[in-house]
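> here is my input, please return the structure:
(2 chains)
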Amino acid sequence: MTSRRGFLAGLAALSLPRPGWADAGSPAYLAAGKSGEDHVLHGVDEAGESIFTIPLPGRGHAAAAHTGRPLAVAFARRPGTFALVLDCITGAVAHRLTPPGGRQFNGHGAFSADGALLMTSEVVADTSEGRIGLWETGGFARIGEWASGGIGPHDLKRLPDGRIVVANGGIRTDPKDRTKLNIAGMRPNLALLSADGALVDMAELPAGLHQNSIRHLALLADGVAFAMQWEGDPAEPVPQLGRWSPGAAPVLCPPVEAEMFTMRGYAGSIAAAGGKIAISSPKGGAVMIFSAEGAPLATHRRADVCGLAPLGADFMASDGAGNFWRATTDALLLLSRTAVAWDNHIVPVGKPV
Amino acid sequence: MRHGIWLAVLVLTAGPARADYPEVVRERILPGYAAFDAAAAALAAQSAETCAAEALRPAFQAAWDAWIAVSHLRFGPVEDEGRSLAIAFWPDPKALGAKAQKALLAAGPAVLAPESFAEQSVAARGFSGLERLLYPAAPFEADPCPLIRATADDLARMAHEVNEAWADGFADVVLTAGQPENTIYLSENEARQAVFTQIMTGLEFDKDQRLGRPLGTFDRPRPELAEARAAGRSLRHVALSLVALRDMTASLSPGAVRTMAAYDHAIALAEALDDPVFAGAAEPGSRLKIEILQQAIGAARDTALAEVAGALGVDLGFNAADGD
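Numbering: from 1, shown residues only, chains lettered A, B, ... in the order given. Sure thing, here's the model as predicted:
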């Protein structure tokens, strides 16, 4: 028998909009990490305080936040055999994504602006040829795939006009253990795909830098900033940052000479905010801040720092010791201390990615 | 001076068995930089007296010895303003140093004046720069004397700045780790971690760079790439560095008996090796001895990681050791 209260509640539920991120506490970011022996995904506010925690079955790499619904997709580390769609209100695993036979997730993903499509960076396991996996977001069924335009795609970003930029890292890896197989002949690139997956433009690095794996991206007003990881001789000074406006050649942005080895050839994350670009190096223990044009502005040292995201006109940074920082051009300012070793990336919620 | 008070407190409160990162600061880092400062100052003073290479070489060798004893320290003031690169720019596979130095050799006194010289390429300065001037492979196209003096003075300036910055400030930063006002080291373990990281990267540098570069591969050995080859110091750097790293580890964690044994084994191999610039890298028999030393350093590193890191509760860094 339907009670009046139950009837009214049902009516209210029908008329209410679908749950949004506000129902999950309005986190500003998603961040994966390790707490004791447990792997976790946290929703975090702009003060670096945790809003929710969801257990993960293994070490995460990056996450993707749905543009409207409180859903997070957590990607396993490479070679990724699964990704989890997490309900950030209940913490439940809403869907488990398994790449089709012969494919592996490769670290990152992005939603279309309307949230109807999830795009995942993937490789053909045997060859590391890049694919962008396509998933509808009602039941998260696989609906197709595109060529990524290169080998070993890692990060991908959606431009405001719906086109997609892919960082094809160029590295062929053993499907079982991540062993790098083609360092001598690797050729990373930046690929621009149309909203329906056609290769529109592609850019490579100048000769001599083909061993600088392009791995992570941040959106700029006129294109993307990209962060690289050097696979060549560590004694060669190479830039970790570049900018690319499709249609033009990539522009490399080296640090000042005195800091040319500070990052140890390795940028782990990148973000753009307030007319600035930040890159991080956990291996070098430093965050570098550049102007949006690529001029070096500041270097801040912090052991094991990696995660980066916009924080107003500054940056949010995280480290493996559990701290969140505000990174300004002047300094690193401590925001919060936690017991979670924060993993590679901080993913903004409700911002174009 | 604040650090003086701190050291006094530590001396009073530390029992004989105490060992930790403050002991590393007090017993190794501060004396090490003081010795480097003094040796670099002596070299600069002598270069003011004479530019004769043979006359300067003993002071040059002594200053380089003093640097190698602290060259594994890559945190704090030595990392500011590019000092560690400007003091010792090696390895240099693209010969950036020689190219930049060639331009300086022809430069006038304005460029060689201290303020201006400090702004010149880090690749051209420091010990490797002086080595090219004091152990030249070919006759100079211009009188090297002004550049020798400028480089020696610049080196002494940097040595003094690092020593002063540690003694008058950064030692305090490390020793007050975990105190509320300390925004560099938020806990004592972060300071411990920082010190441990120096040991790991120092051993890796000895193994992969100081030995790995001249070894090259079996099919393509590269003895000509050995560090400080012209000055005949390649093996000496490995031996001095191992002793310094062992001493630093002993101050941090003297109970690490397996690690100490691994160090002693590697040091004994280095001292027994009769191949000062690793010329033997190209000959199978003598190459094997260098490879055995390299393996012993790798074993010391792995042992320290297992034994010291475990005992101290430190590691290689959650993200730094991983990468993606």
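> and chain A, which of its residues are near chain B?
A:34, A:61, A:77-78, A:107, A:154, A:215, A:229, A:233, A:235-237, A:256-262, A:266, A:268, A:282-283, A:285, A:301, A:303-306, A:319-321, A:323, A:332, A:334, A:337, A:341-344 (Cβ under 8 Å from any Cβ of the partner chain). For every residue, glycine as well, the C-beta is placed using N, CA and C.
> go again with 6 Å.
For chain A, the contact set with chain B under Cβ under 6 Å from any Cβ of the partner chain comprises A:H61, A:D233, A:A235, A:A258, A:P282, A:K283, A:D304, A:C306, A:G320, A:A341.
> give me the below-cutoff pLDDT ranges for the stretch 201-324 of chain B.
Low-confidence segments of the stretch 201-324 of chain B (pLDDT under 70): none present.
> for chain A, give me its nearest residue in it.
B:F318 (3.1 Å; Cβ to the nearest Cβ).
> so that residue: helix, strand or coil?
Look at B:F318: counting by DSSP: H, G, I helix; E, B strand; the rest coil, its state is coil.
> mind putting the residues of chain A next to chain B in a markdown table, secondary structure and distance to A:R103 included?
As requested, the residues of chain A next to chain B are exported to a markdown table (DSSP: H, G, I helix; E, B strand; the rest coil; distance: Cβ to Cβ, whole Å):
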| residue | secondary structure | distance to A:R103 |
| --- | --- | --- |
| A:H61 | strand | 16 |
| A:D233 | coil | 33 |
| A:A235 | coil | 37 |
| A:A258 | helix | 44 |
| A:P282 | coil | 28 |
| A:K283 | coil | 29 |
| A:D304 | coil | 32 |
| A:C306 | strand | 27 |
| A:G320 | coil | 30 |
| A:A341 | strand | 30 |
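> quick one: these as CSV, columns for neighbour count too.
Formatted as CSV, the residues of chain A next to chain B follow (neighbours: other Cβ atoms under 10 Å in any protein chain shown):
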residue, neighbour count
A:H61, 22
A:D233, 13
A:A235, 17
A:A258, 19
A:P282, 28
A:K283, 23
A:D304, 29
A:C306, 29
A:G320, 27
A:A341, 21
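> how about B:Y135, nearest residue that isn't a chain neighbour?
Excluding the flanking residues, the one nearest B:Y135 by Cβ to Cβ, 6 or more residues apart in numbering or on different chains is B:A230, at 3.8 Å.
> what helix or strand is the one you found located in?
Using DSSP states H and E, no element contains B:A230; it sits outside every helix and strand.
> neighbours of it, how many?
Neighbour count of B:A230, defined by other Cβ atoms under 10 Å in any protein chain shown: 15.
> distance of it from A:L241?
Separation of B:A230 from A:L241 (Cβ to Cβ, to the nearest Å) stands at 36 Å.
> now do B:R74
22 Å.
> at which residues are the strands of the stretch 201-350 of chain A located?
According to DSSP state E, counting those that start in this stretch, the stretch 201-350 of chain A carries its strands in the segments A:212-220, A:223-230, A:241-244, A:251-252, A:269-273, A:276-281, A:286-291, A:296-301, A:305-311, A:314-319, A:323-327, A:332-337, A:341-348.
> which residues touch whichever residue of the stretch 151-300 of chain A sits closest to chain B?
Across the stretch 151-300 of chain A, the shortest distance to chain B (Cβ to the nearest Cβ) belongs to A:A258, at 2.5 Å. Applying Cβ atoms under 6 Å, 6 or more residues apart in numbering or on different chains, we find A:A258 in contact with B:E81, B:G82.
> one more: the one 5 residues further on?
The contact partners of A:M263, taken as Cβ under 6 Å, 6+ apart, are A:Q240, A:S281, A:G284.
> can you give me the end-to-end distance of stretch A:228-238?
Distance across stretch A:228-238, first residue to last, is 9 Å (Cα to Cα, to the nearest Å).
> next: stretch A:82-91.
So stretch A:82-91: terminal residues 17 Å apart, Cα to Cα.
> distance of A:G274 relative to A:N182?
38 Å.
> check A:A339 too.
The value you get for A:A339 to A:N182, if Cβ to Cβ is used, is 40 Å.
> repeat for A:V347
Computed as Cβ to Cβ, the A:V347 to A:N182 distance reads 29 Å.
> more neighbours: those two, which one.
A direct count of neighbours by other Cβ under 10 Å for A:V347 and A:N182 places A:V347 higher, at 24 against 15.
> mind putting the strands of the stretch 201-350 of chain A into TSV with mean pLDDT?
Formatted as TSV, the strands of the stretch 201-350 of chain A follow (pLDDT from 0 to 100):
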stretch	mean pLDDT
strand A:212-220	98
strand A:223-230	98
strand A:241-244	98
strand A:251-252	98
strand A:269-273	98
strand A:276-281	98
strand A:286-291	98
strand A:296-301	98
strand A:305-311	98
strand A:314-319	98
strand A:323-327	98
strand A:332-337	97
strand A:341-348	95
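> take those strands and lay them out in JSON lines including distance to B:H160.
Below are these laid out as JSON lines (distance: least, Cβ to Cβ, whole Å):
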{"stretch": "strand A:212-220", "distance to B:H160": "37"}
{"stretch": "strand A:223-230", "distance to B:H160": "34"}
{"stretch": "strand A:241-244", "distance to B:H160": "34"}
{"stretch": "strand A:251-252", "distance to B:H160": "36"}
{"stretch": "strand A:269-273", "distance to B:H160": "37"}
{"stretch": "strand A:276-281", "distance to B:H160": "30"}
{"stretch": "strand A:286-291", "distance to B:H160": "25"}
{"stretch": "strand A:296-301", "distance to B:H160": "22"}
{"stretch": "strand A:305-311", "distance to B:H160": "31"}
{"stretch": "strand A:314-319", "distance to B:H160": "33"}
{"stretch": "strand A:323-327", "distance to B:H160": "32"}
{"stretch": "strand A:332-337", "distance to B:H160": "28"}
{"stretch": "strand A:341-348", "distance to B:H160": "39"}
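> between these, which one is closest to A:T90.
Among those, strand A:341-348 comes nearest to A:T90, with 19.7 Å by Cβ to Cβ.
> sheet-wise, list the partners of that closest one with their directions.
Using DSSP bridges, strand A:341-348 pairs in its sheet with strand A:29-35 (antiparallel).
> hang on, A:F52 is in a strand, isn't it?
Yes - looking at A:F52 with three-state DSSP, it is inside a strand.
> I figured it was touching A:D45, is that so?
No - if you go by Cβ atoms under 6 Å, A:F52 and A:D45 don't touch, sitting 10.5 Å apart.
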